[in-house]
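Peer 1: Generate a structure from the sequence data that follows.
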Amino acid sequence: MTHTSPQTSPLQDSASQRTGARPGHNSARHHTCSPASDQTRRHTRRRTRTLVSAAALTAAGLVLSACSGQSGAGQSDSDAKPSGGGSASSSASQGTLGSTGTEQARAMPRLVATYEGGIMTLDAATLKTVKDEKKDGLLRVNPAGDGRHAFVTTGEGFQLLDTGTWSVPHGDHSHYYTAPPQLTPATVKADKAGHVVSHAGRAALYADGTGTTTLLDLAALAKQDPNGEIKDAGSYTAPTAHHGVSVPLEDGRLLTTRTQGEERVGVTLLDKDLKTEAGHSDQCPSVHGEAAAQGGAVVFGCEGGVLVFKDGRFTLAKAPGGHGRVGTQAGSEASPIVLGDFKVKADGGKREHPTKVSLTDTRTATMRVVDLPASYSFRSLGRASNGDALVLGTDGKLRVIDPSSGRVTREIPVTAPWTEPEEWQAARPTLFTDGQTAFVTEPTSRKLHRVDLRTGKVTATTTTPQPLNELTGVTGVNPESKGREKAGSHDH
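Peer 2: Next comes the predicted model:
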C-alpha cells in the first residue's frame, strides 16, 4: 500500500505503505482515524516510500547524466531555474493536468500538510513552503500512490492535489520535473469520504456514507480532466453502509470490510469482477485499519487480534490473553511483521492513551505485545525502509523497535512532551516516515522536524506559518521509473 521495495535507485534512500501507509498509514501513514467512532474519519496509511534527502545526495556526489540540464542541483525546487537540457520527449515536461514543468537534476520530493483553514505543500529537502492554499473545513490528506498526487478529503469527497513533482521514464533512466502545486477541481464524489488505500497499482477510495469503494488506476491519473470527475476503474458498494476500508490485490481481486446488520465483523474477498465473492472471514469484530507486509500479506485490525490474509487464506492472529483491540497499523515490504496499536479498553467511551504496541508476524499469524514507557496517538506509528518499527511517544521521543525481537533499539528526542487531545480531529504531533527519514510535526510551537534514522539525529527544524495537523508526502518518482536505471543502456 504504496510500498516501495527495499532495493531502490541510487538516487533514493534504500526502502513501503505501505505500508497502508499508510503512515508507510503512515500509513501506518499511514494517518489513521480512531476506531472509537464511525463518523467521517479515515485511515491514512504510513508508507515507507523513499524521500531523497539533500544530505544523502551531496554525500553520494550524484549528478544527472549529460542528457539533461543541471537545474535544481543544490537548491530548493521552488527556486529552481529553467533547465537548458533537452526533454525526454516533446511532452515529457508536461505536468499532469496540463501544467508545464521545469526539468530538475534529481527527484524533488515534497510534503503535504493540513492546518485549520488550508493545505500546505513543502520541499522535503529544505522544509520550505512551496505553496499555501486556503480552504475551509476539516481537511485530511493521503498520498495517491503514484509519487506525485495526494487526495484531500473534504465535505464533497476526495479532491485531487497535484503536488507538482514527478518523473518521466526514458530508456534506462528518468527525467525529473517540478511545477507549482495545484489543488485541482478534479474530485471523486463521496458521502462521508473515508479511507484511501494505494496498493498494487490501484487506489481504493472508501465512502462511509454509502459503503462504496471507488477504484482508480494510478497510471491513468495523468490523463484525467482537471475540471471533471476522475475516471474510475471500477466500484463496489457494500450491502450496508459503514466505516470501512478496501485493499486492491496484485491479482486484480479486492479485500473489503463486511458487516452483519450494523456491526463490522470481518472481511470479504471479491473476485476481479467486483461482484463475485471468492471468500470471507467473520472473525474480525470491529474491523478497522489495514496494512501490507512482506510476502504479499494484508492485515486488518480487530477486537481481539489481527486478521491476516495471505496465500488466499484468512487467519486470525489472536491477541495475547485473548483480549486487546488493534485499529491502527503500519506495514513494510521489508518485513513480514506489522506494527499496530494495542488497546485494552472496550471500543467506545473515553479515549484510551495506550502504552503498548502490537507486532504481528504474518508468517505464523502470531502477535507479540511490547510495553513502552510513554503513550502515543493514532498518528504516532511508522516504518523505516529497513523494516524497523517507529513509535512517537507523548514524552517527545521517537522510539525505534526491532520488529523481530520487540526490543527498543534507540530513543530519539524530537519534540517537547505533549498530551494527546481527546478529540481525534485536533492537531497533535504527527509522524510521517519515508525511507530512512522521519518527519515530525509539533503544532504547539509550529515546528516541523526532519530526523535521520540512520544517525538518530534531528537534522533540520523549521517554523511553519500555521500549526500543522495531518502530514504526508510524495517522492516525485513515477512507480514506472523504479528499476529502469539498471535495465540497460540508452543514448540521447
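
Peer 1: what separates residue 457 from residue 413, distance-wise?
Peer 2: 10 Å (CB to CB, to the nearest Å). The C-beta positions use only the backbone N, C-alpha and C, and glycine is treated the same way.

Peer 1: And for residue 356?
Peer 2: Counting by CB to CB, the gap from residue 356 to residue 413 is 22 Å.

Peer 1: go on, residue 468?
Peer 2: Going from residue 468 to residue 413 by CB to CB gives 20 Å.

Peer 1: higher neighbour count, the two?
Peer 2: Here residue 468 and residue 413 are compared on neighbour count by other CB atoms under 10 Å; more neighbours surround residue 468, at 24 against 12.

Peer 1: shouldn't residue 256 be in contact with residue 239?
Peer 2: No - applying CB atoms under 8 Å as the test, residue 256 and residue 239 come out as separate, 11.0 Å apart.

Peer 1: Settle it for me: which of the two has more neighbours?
Peer 2: residue 256 (22 against 10).

Peer 1: so what's the more buried one bridging to?
Peer 2: On the basis of DSSP bridges, residue 256 is bridged to residue 246, residue 268.

Peer 1: residue contacts, it?
Peer 2: 213, 236, 238, 244-247, 267-268, 270 (CB atoms under 8 Å, 6 or more residues apart in numbering).

Peer 1: would you turn these into CSV with distance to residue 420 and pLDDT?
Peer 2: Converted to CSV, the contacts of residue 256 look like this (distance: CB to CB, whole Å; pLDDT from 0 to 100):
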residue, distance to residue 420, pLDDT
213, 31, 98
236, 35, 98
238, 31, 98
244, 25, 98
245, 23, 98
246, 28, 98
247, 28, 98
267, 29, 98
268, 33, 98
270, 36, 98
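
Peer 1: circling back: find residues that contact each of residue 256 and residue 239.
Peer 2: With CB under 8 Å, 6+ apart, residue 256 and residue 239 have no common neighbours.

Peer 1: Give me the phi and psi for the closest residue to residue 386 other than its chain neighbours.
Peer 2: Once flanking residues are discounted, residue 386 sits nearest to residue 334: 5.8 Å by CB to CB, 6 or more residues apart in numbering. For residue 334, the backbone dihedrals (degrees, to the nearest 10) come out as phi -90, psi 0.

Peer 1: Could you do residue 161 as well?
Peer 2: phi -100, psi 120.

Peer 1: Neighbours of it, how many?
Peer 2: When neighbours are counted by other CB under 10 Å, residue 161 registers 25.

Peer 1: Which pLDDT value belongs to the nearest residue to it once chain neighbours are set aside?
Peer 2: Leaving aside its sequence neighbours, residue 161 sits nearest to residue 150 (CB to CB, 6+ apart; 4.5 Å). Residue 150 carries a pLDDT value of 96.

Peer 1: which element is residue 150 on?
Peer 2: Using DSSP states H and E, residue 150 sits within strand 149-153.

Peer 1: cool, residue 279 as well?
Peer 2: strand 277-281.

Peer 1: swap in residue 468?
Peer 2: Here residue 468 is assigned to no helix or strand, by DSSP H and E.

Peer 1: With residue 167 instead?
Peer 2: Going by DSSP H and E, residue 167 is in strand 165-170.

Peer 1: Show me the shaky parts of the stretch 101-250 of the chain.
Peer 2: 222-224, 226, 228 (pLDDT under 70).

Peer 1: likewise the stretch 301-450 of the chain?
Peer 2: 346-349.
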